[in-house]
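S.K.: Just need the structure, nothing else, for what follows:
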Amino acid sequence: MVAMYNIMGRQVGSHYLAMGVLATLFGGSFLALRGGGNKKINQTPPINASTPDEADFIQNFLKQADADEKAAKH
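M.R.: Numbering: from 1, shown residues only. Coordinates of the predicted model:
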């Protein structure tokens, strides 16, 4: 037979209490350890250029530098 406990006026079996404790333990640890929400994207600082041509030049230079860096890794 199962040991019965009186909880809030109802008879509850010990096996239900054990399953509730284990579910709370594993569920809580899963929620705590699953990681953060949204991933933060590495954003570059704003380009403070005096003219649109200068801003385009800086963006093209950064793209070129990234492409050269990727080519050098392989």
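S.K.: any weak-confidence spans in the chain?
M.R.: 74 (pLDDT under 70).
S.K.: dump the residue contacts of residue 65.
M.R.: By CB atoms under 8 Å, 6 or more residues apart in numbering, no residues touch residue 65. In this view, the C-beta of every residue, glycine as well, is placed from N, C-alpha and C.
S.K.: what's the longest helix in this structure?
M.R.: Secondary structure of the chain read by DSSP state H shows that its longest helix is helix 52-73.
S.K.: what about that helix, distance to the chain center?
M.R.: In terms of CA atoms, centre = their mean, to the nearest Å, the centre of helix 52-73 is found 30 Å from the chain centre.
S.K.: wait, is residue 11 part of a strand?
M.R.: Yes - using DSSP: H, G, I helix; E, B strand; the rest coil, the secondary structure at residue 11 is a strand.
S.K.: tally of neighbours for it?
M.R.: 9 (other CB atoms under 10 Å).
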